[in-house]
Structures are given as C-alpha cells and as structure tokens.
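[1] Structure here, sequence nowhere to be found:
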C-alpha cells in the first residue's frame, strides 16, 4: 500500500521560511516523479514543483520560482520542499504526490498517489 505522509507545515510570518517533508512508502521510490501541489480555500489544486527520478531535473510554477526548492533523497524515500520568502498568498494546504512518468507533471490528474496534506499559513 502506497503511503505519502507530509509534515513541516505551520504558521509563519511573511518573509519566513519553512521546509516541508514527504515520507513515501509502499513503492519503488526511485521509479517515481514526485510533485508538490497546494490548494487554498475556494481554489483549485495547483502545481507548485516537481522533481524527476534522480533529482537531477526540477520544475516550478512561475509563482514560486526562485523562492521554493524541491529535492529528494531516494535512499530515505523522502522528498522536500524548501520554501523561502513566504508570502500570505502562499497560504494553502500543501500536498505531496507521486507519478511514474514526466508527462503532464503540472497536472494534478496525472498523479496516482497523494498524501493527506499539511497546512501552511503565512501571516502578513
């Protein structure tokens, strides 16, 4: 059974940093692309970042490019999202997700496995 468990969310002030973690189990982790998405109240789930199997290639939404960094440790079956210079508009539930191929890496419907999410709240 595949499980993705996010952690690291919390309440921070604008300009602060947070590091989200996602622990994966029940899958051959190095075979999967990993992504981070977020969903704010009343809004659709949106792409944040993705990383390829080895961690050598990363992809970002324009809104977070230059502020967020995705990384992974295959030996620990972990994926991370380092978030710097946080803004109130970054407030959302952040989800970790896994998929087998690179196609449509920014589309939620392309991911087969999801975590339960972790809340990030940025106050102004």
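    Received the coordinates, thanks. Being a predicted model, the structure only gives us computed values, none of them experimental.
[2] switch to C-alpha atoms for all contacts and neighbour counts from now on
    Will do.
[3] Residue 91 and residue 120 touch, don't they?
    Yes: using Cα atoms under 8 Å, residue 91 is in contact with residue 120, at 5.4 Å.
[4] Can you tell me how far the spatially most central residue of the chain is from residue 93?
    Centroid-nearest residue in the chain, with Cα atoms, centre = their mean: residue 36, separated by 2.1 Å. From residue 36 across to residue 93, the span is 10 Å (Cα to Cα, to the nearest Å).
[5] What of residue 40?
    Distance, residue 40 to residue 93, by Cα to Cα: 6 Å.
[6] Show me what residue 10 bridges to in the sheet.
    Beta-bridge partners recorded for residue 10 (DSSP bridges): residue 120.
[7] what's the neighbour count on it?
    Residue 10: 14 surrounding residues under other Cα atoms under 10 Å.
[8] how many other residues sit next to the closest residue to residue 107 other than its chain neighbours?
    The shortest distance from residue 107 to any non-neighbouring residue, by Cα to Cα, 6 or more residues apart in numbering, is to residue 47 (6.8 Å). Burial measure for residue 47: 23 neighbouring residues, criterion other Cα under 10 Å.
[9] Repeat that for residue 92.
    Neighbour tally, residue 92, other Cα under 10 Å: 21.
[10] Please verify my assumption that it contacts residue 121.
    Yes: at 6.6 Å, residue 92 counts as touching residue 121 under the criterion of Cα under 8 Å.
[11] Can you tell me the SS state at residue 38?
    Secondary structure, DSSP: H, G, I helix; E, B strand; the rest coil: residue 38 is strand.
[12] Which residues are in contact with it?
    For residue 38, the contacting residues are 45-48, 92-95, by Cα atoms under 8 Å, 6 or more residues apart in numbering.
[13] Which members of these occur in strands, if any?
    Members of the contacts of residue 38 lying in strands (criterion: DSSP state E): 46-48, 92-95.
[14] With pLDDT as extra columns, can I get the residues you listed in JSON lines?
    Putting the ones in strands among the contacts of residue 38 into JSON lines (pLDDT from 0 to 100) gives the following:
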{"residue": "46", "pLDDT": "98"}
{"residue": "47", "pLDDT": "98"}
{"residue": "48", "pLDDT": "98"}
{"residue": "92", "pLDDT": "98"}
{"residue": "93", "pLDDT": "98"}
{"residue": "94", "pLDDT": "98"}
{"residue": "95", "pLDDT": "98"}
